[in-house]
Structures are given as C-alpha cells and as structure tokens.
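1. here is my input, please return the structure:
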Amino acid sequence: MNRKIIFTIFSALIALAAIRGIRYSASDAGQKDNRTESNFLNTTFSALDKARDQSVFQIKTYFNQLSVKAFSSIEDNSITSAFRIILQEKATPAVLEDLDAHFVTTYSDFYDLLFIDFSGKVFYSVRMEDDFNQNIFSGKLSRTALSKKLLERSRNCFVDFDYYWPSGEPAAFFAVSTQSSPEDHNQKTNGWMVFQLPHNRMNAIIESRGQMGRTGETYLANKSLMMLTDSRFNPESAVLRQKVDTASARKAFTSPNSHIISCDYRGIEVLSSCSNFEMMDTKWAVLAEIDEDEVLTNHFRTNIADFSDSIAEKAAYNPQNMTPSAPSRPDTSNLIRVDVNETVKAAHGTGLITHGVATCTCIIATFQNRFTFMSHISPMDEIYNSGFTPSLITENPIRRDALGALMRRISHYEIRPCEAGKINFHIIANHSRSLAGILNKLTAMGHDLSHIRFHHMPSAENANVIVTDSDEILIEWVTKNKRHLQNARENQPLSTKFRDITNYENMAGEFRTFNSSL
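-> Numbering: from 1, shown residues only. Got it, this is the predicted structure:
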C-alpha cells in the first residue's frame with residue numbers, strides 16, 4: 001500500500017514538473033531576460049563595430065592606393081612630359097592620343113585627369129567637360145572646393161568631396177604640383193596634375209553590408225554632417241544632399257568608438273556604432289546602424305517559445321482598463337462578410353466583418369489608405385502547429401496555410417518590396433494557441449513586432465471583428481453576460497509589450513545617456 005502511495009506521489013511530482021516546464025510565465029521571461037538582455041545588446045553592438053571597422057579599413061586601403069598612384073605620377077615620365085608639351089602648346093594629335101591611352105591603362109581608377117597651369121587655366125582634360133579651357137580661379141569654377149584649395153598654392157594635396165558642377169556630381173581630387181623642368185625640384189610650381197575621384201566606388205565599398213540584416217547600413221559623413229555615401233533607404237543619391245545632424249553623428253566626432261541608441265536621419269530609433277578617422281588632411285565620421293525594431297524582433301524570434309505566452313498574457317483585454325468612452329457598434333449591414341477559411345480584400349473605404357471567432361483566429365493586414373485583408377482561419381491551419389512542442393497526433397494532410405497564401409498575394413500583387421514595412425497586422429483570438437505560429441511566420445518574413453498587435457480576451461466565448469468603411473478596426477468580444485466592444489487603436493503593438501516583459505528600457509538606458517550630453 002505504501003509503495004502505491006509513494007508511486008502516486010512520485011507520478012504527481014513528475015507531472016507537476018512537466019507542467020512547470022511547459023508553462024513559462026511573464027515573470028520567468030523577465031528573469032531570463034535580465035540575465036541575457038545586456039549581453040544581447042552588447043552582441044549587437046559588437047557586430048556593428050565589426051561592420052564599422054571593416055568599412056574604415058576598406059576605405060582607407062582604397063584611398064591609400066589612389067593617393068600612392070596619384071602622388072607617384074610625378075615620377076611617371078609619360079604624364080609629366082605630356083604636361084610640359086601641352087602647356088607649351090606643342091602637343092601633336094599623337095601626344096594627346098598616347099596620353100589618353102596611358103590614362104586608361106594606368107589611371108583608370110580615377111574619373112578624370114586635369115592639367116591646370118599656375119594661373120588656373122585647365123588646358124587639358126580626359127573627359128573634356130565644362131571645366132576644360134576655363135580658369136579654375138574665376139567665374140563659377142572659383143566657388144569650387146578645388147579652386148579654393150589650389151589658391152592656397154598647395155604643392156600636393158587632397159580635396160575633400162564637394163559638389164563639382166562640371167561633372168554634375170560630388171567629386172574629390174588629388175592635386176600634384178609640377179615644376180617647369182624635371183631636373184630642378186626647387187623651382188616654383190608651374191601647375192598641377194589633378195586626379196578626379198568618382199564617389200560611386202565608395203558606395204560599392206560601404207554597401208557590402210554582410211550580416212547587417214534588413215535595416216543595417218554603414219555610411220560616412222563629413223564635418224558638416226553631410227552624407228558622403230548613399231543611403232540604402234533612399235533611391236536617390238544622398239551624397240552631400242542628406243543631412244545627418246544626429247546624436248550619433250555628432251558623437252562620432254567628439255567621442256570615437258561610441259555606442260548609442262537614438263534617432264537617425266530618418267527619425268527612426270537605431271542602435272549605432274560610431275567613430276571617426278583621418279582621411280588625408282580631413283576627418284570623416286563612420287556609422288554602422290540597425291533599426292531598434294529589427295533588433296528587438298530578432299531577439300524575440302530567437303526566444304519565441306519562451307516569450308509567446310508572456311506576450312499573450314500582456315495583451316489580454318480587460319474592459320476595466322480601457323477608456324471610459326467605449327466605441328459604439330456601427331451599422332454593419334453594408335459590410336462585406338468574411339466566412340471561416342476565407343480571405344477577403346477590401347479597398348480603402350470598404351468595410352469587412354466576420355462573426356464567431358472562437359477556436360478560430362482572425363488576421364487583418366492593412367496598408368493605410370490602400371487596402372485591408374481579413375482572414376478567418378480555422379484550427380486546421382498550420383499556424384496552430386507552431387512546431388515548438390511535439391505533436392501528439394499525425395499532421396493532417398490537408399492542413400492549410402492561409403497566412404502564407406495571404407502574404408504571397410500581398411507581396412506579389414499589392415506592394416513593392418520596399419513597402420513591406422508599411423503593413424500593419426492585427427491578430428484577434430480568445431486563445432493563444434495560434435500566436436506562436438503566426439509570429440514565427442511574420443517575423444521570418446521580416447515584419448517587426450512594432451507593426452503587429454494581438455487582441456486577446458481569454459474570458460470571451462467568441463469575437464465578431466469589424467473593419468468599418470473608415471478603416472477603423474473594432475472587436476466585439478462576446479461573453480456569457482455581456483458584449484464588449486474594443487477599439488484596436490487602444491491596444492499597443494507587441495514591441496511595446498515585449499519591452500515591458502523584458503525590462504528592455506532599463507537595459508538600453510546606458511546607451512541612451514549620450515543624448516543628454518550633446
């Protein structure tokens with residue numbers, strides 16, 4: 001008898017331990033995160049440091065190679081003799097053809113080669129742009145950075161990137177002074193051989209993003225806080241057009257090798273690794289950044305089995321916590337009805353409604369002022385088999401993938417790839433059995449938690465979901481004794497709930513302190 005009692009107690013303890021292992025409460029998630037969140041942020045910054053330092057190394061290597069080639073041209077007889085011959089107006093067509101060919105074979109890393117005499121006249125140019133046969137020290141050309149630098153009578157110098165109107169784009173230059181004869185190096189400068197650099201090569205170096213994710217980018221800025229490389233978020237050129245007067249850009253010049261979380265030039269919160277480096281006789285800032293939303297979403301997705309239950313608990317709807325003025329139920333007679341296992345699109349200004357969301361899940365995908373999709377998904381869908389716990393039954397061979405089909409339709413026919421981040425999602429259910437599967441799919445597709453809301457009332461028997469013709473989303477929770485109408489706008493995105501669960505702001509605080517000191 002005693003053996004039976006002992007066996008019963010032992011079995012109960014095993015069952016209790018199993019339940020405890022499966023149920024991961026919000027406090028458990030927070031405790032886990034307190035131990036790991038700081039390491040998670042440090043790991044992210046370490047990856048940004050690597051991208052930043054790699055970009056600096058490549059840019060320095062590139063410019064060192066160009067500077068050596070440009071400044072050693074004074075030892076290149078083919079180019080120095082051509083300079084003197086053309087300056088003396090003794091050049092034959094053969095001399096000019098040979099010089100052009102020599103430029104292509106030896107100096108093709110440069111965009112153009114200018115010969116400028118001491119008075120400022122541009123008497124030779126490979127590309128023959130609008131600066132040819134003009135004086136660099138007069139007229140419109142006198143306002144260029146090249147003109148101002150040469151007026152200093154510098155012998156050998158680097159001219160930082162500035163807009164150069166004869167080429168119609170930003171340009172930098174290496175200017176190499178020449179003497180009237182090759183034998184006497186003590187004679188005064190009689191002109192300059194000027195090698196013009198293209199800016200597109202810098203873009204090619206910086207755009208090698210490696211493992212920087214969807215939103216990671218590395219870029220350069222000058223002392224005027226203007227971009228020296230293009231932005232991956234702007235199809236137009238950002239070079240010397242995009243101002244980056246941000247906390248991280250300013251910090252790059254005042255405190256090298258800094259880590260900071262602040263708004264970038266787009267007004268979006270980013271994690272930034274910033275520094276500066278000497279480039280010839282100037283200084284550039286280098287910044288490697290990634291959107292904070294993506295970082296948080298990646299961290300959630302890595303630990304989705306741990307955090308999905310906590311997210312559900314945090315998202316639970318409590319009518320007593322809502323605003324006193326509850327919305328009124330609109331007239332739904334003209335709305336398009338969405339049935340179980342059906343997905344319907346509504347154009348802007350057209351309403352949708354679905355009834356009786358109980359064991360099912362409703363997903364709404366919206367693009368402001370363009371479209372709304374509503375999908376009423378049954379428990380036979382694969383979002384209910386998230387893959388995080390072993391299934392006790394054989395997988396149904398006709399299991400559907402409504403969310404996958406919806407996202408394929410949107411990506412193929414409704415939006416451009418760059419617009420994916422503008423879609424907002426609403427998940428409505430009185431349970432959380434499908435939540436992990438949905439979030440796993442959406443985050444794997446690159447959608448951040450900041451664009452996802454989970455509307456959840458565990459005590460409700462079912463829900464009626466309404467999208468009005470003014471694109472307002474209402475959830476009518478049906479309980480045994482009452483109906484509660486929830487406005488979806490009152491619910492926070494999952495990124496906010498995830499920050500609360502993980503105590504993220506306390507962990508990120510040390511990286512935000514720089515803002516107050518600038």
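2. contacts, neighbours, all on C-alpha from now
-> Will do.
3. domain assignment for the chain?
-> 47-61+202-292, 63-198, 318-391+398-490 (automatic domain parsing).
4. just name the most buried of those.
-> Highest mean neighbour count among those (mean count of other CA atoms under 10 Å): domain 47-61+202-292, with a mean of 19.
5. starting at the chain centroid, how far to that domain?
-> How far domain 47-61+202-292 lies from its chain's middle: 12 Å, per CA atoms, centre = their mean, to the nearest Å.
6. ok, stretch 81-90 next?
-> Distance of stretch 81-90 from its chain centroid, counting by CA atoms, centre = their mean, is 52 Å.
7. could you do stretch 313-333 as well?
-> Relative to its chain's centre, stretch 313-333 lies at 35 Å (CA atoms, centre = their mean).
8. run through who's touching it.
-> For stretch 313-333, contacts defined as CA atoms under 8 Å, 6 or more residues apart in numbering pick out 26, 353, 454-458, 466, 468, 484-487, 490-491, 497, 501.
9. using JSON lines, lay out the domains of the chain together with distance to Met507 and mean pLDDT.
-> Putting these into JSON lines (distance: least, CA to CA, whole Å; pLDDT from 0 to 100) gives the following:
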{"stretch": "domain 47-61+202-292", "distance to Met507": "11", "mean pLDDT": "93"}
{"stretch": "domain 63-198", "distance to Met507": "39", "mean pLDDT": "92"}
{"stretch": "domain 318-391+398-490", "distance to Met507": "19", "mean pLDDT": "92"}
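10. distance to Arg301 for these - can I get that in JSON lines?
-> What follows is the domains of the chain, written out as JSON lines (distance: least, CA to CA, whole Å):
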{"stretch": "domain 47-61+202-292", "distance to Arg301": "14"}
{"stretch": "domain 63-198", "distance to Arg301": "41"}
{"stretch": "domain 318-391+398-490", "distance to Arg301": "7"}
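11. grab the nearest non-local neighbour of Asp245.
-> Distance criterion CA to CA, 6 or more residues apart in numbering; nearest residue to Asp245, sequence neighbours excluded, is Leu225 at 5.7 Å.
12. all the strands of the stretch 151-300 of the chain, residue numbers only.
-> Listed in chain order, the strands of the stretch 151-300 of the chain (DSSP state E, counting those that start in this stretch) span 156-164, 169-179, 189-197, 217-221, 258-263, 269-279, 282-291.
13. the third one to strand 156-164, inter-axis angle?
-> I take that to be strand 189-197. Strand 189-197 runs at 50 degrees relative to strand 156-164, counting by axes from the mean of the first three to the mean of the last three CA atoms, to 10 degrees.
14. now strand 189-197: how far from the chain's centre is it?
-> Chain-centre distance of strand 189-197: 40 Å, with CA atoms, centre = their mean.
15. what values do phi and psi take at the spatially most central residue of the chain?
-> Ranked by distance to the mean C-alpha position of the chain (CA atoms, centre = their mean), the top residue is Thr215 at 1.9 Å. Dihedral pair for Thr215: phi -120, psi 0, per degrees, to the nearest 10.
16. in the sheet, who's paired with the nearest residue to it once chain neighbours are set aside?
-> Leaving aside its sequence neighbours, Thr215 sits nearest to Ile290 (CA to CA, 6+ apart; 5.4 Å). With DSSP bridges applied, Ile290 shows beta-bridge pairing to Leu271.
17. ok, Ile290 - contacts?
-> Contacts of Ile290 by CA under 8 Å, 6+ apart are 212-213, 215-217, 270-272.
18. ranges for the helices of the stretch 351-500 of the chain?
-> In the stretch 351-500 of the chain, the helices defined using DSSP state H, counting those that start in this stretch lie at 402-409, 435-444, 494-502.
19. max-length helix in the chain?
-> Longest helix in the chain, counting residues (DSSP state H): helix 26-71.
20. what about it, distance to the chain center?
-> Relative to its chain's centre, helix 26-71 lies at 15 Å (CA atoms, centre = their mean).
21. contacts for stretch 200-209 next, please.
-> 51, 55, 58-59, 216-219, 229-230.
22. out of the residues you listed, flag the one nearest to Phe253.
-> Nearest to Phe253 among the contacts of stretch 200-209 is Tyr219, at 14.1 Å by CA to CA.
23. can you tell me how far that closest one is from Ile205?
-> Going from Tyr219 to Ile205 by CA to CA, to the nearest Å gives 10 Å.
24. show me the contacts for Phe71.
-> Here Phe71 is in contact with 156, 174, 176 (CA under 8 Å, 6+ apart).
25. tell me the one of these nearest Ala365?
-> Phe174 (53.9 Å).
26. and Pro319, how far from Trp477?
-> Using CA to CA, Pro319 is found at 10 Å from Trp477.
27. shared neighbours, these two?
-> Common neighbours of Pro319 and Trp477 (CA under 8 Å, 6+ apart) are 484, 486.
28. in three-state terms, label Ile74 for me.
-> What DSSP: H, G, I helix; E, B strand; the rest coil gives for Ile74 is helix.
29. which SSE is the residue nearest to it when sequence neighbours are not counted in?
-> Closest residue to Ile74 apart from its sequence neighbours, by CA to CA, 6+ apart: Thr80 at 6.4 Å. Per DSSP states H and E: Thr80 is located in helix 77-87.
30. quick one on the thing from earlier: quick check, nearest of the contacts of stretch 200-209 to Ser67?
-> Ile59 (12.1 Å).
31. doesn't Arg127 lie inside a helix?
-> No - using three-state DSSP, the assignment for Arg127 is coil, not a helix.
32. need the contact list for it.
-> 112-113.
33. one more time with 10 Å, if that's ok
-> For Arg127, the contacting residues are 100, 111-114, 167, by CA atoms under 10 Å, 6 or more residues apart in numbering.
34. go through the residues you listed and say which is closest to Ala238.
-> Ranking the contacts of Arg127 by separation from Ala238, with CA to CA as the measure, puts Ser167 on top at 16.6 Å.
35. give me the nearest residue to the closest one, chain neighbours excluded.
-> Leaving aside its sequence neighbours, Ser167 sits nearest to Glu129 (CA to CA, 6+ apart; 6.8 Å).
36. hang on, the one you found packs against Phe123?
-> No - look at Glu129 against Phe123 with CA atoms under 10 Å: they stay out of range, at 11.7 Å.
37. same list, the helices of the stretch 351-500 of the chain, but as CSV with distance to Cys360 please.
-> Output for the helices of the stretch 351-500 of the chain, formatted as CSV (distance: least, CA to CA, whole Å):
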stretch, distance to Cys360
helix 402-409, 12
helix 435-444, 11
helix 494-502, 21
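38. list the contacts for the nearest residue to Thr366 once chain neighbours are set aside?
-> Excluding the flanking residues, the one nearest Thr366 by CA to CA, 6+ apart is Thr372, at 4.4 Å. Thr372 makes contacts with 344-352, 364-366, 423-425, 467, 471, as judged by CA under 10 Å, 6+ apart.
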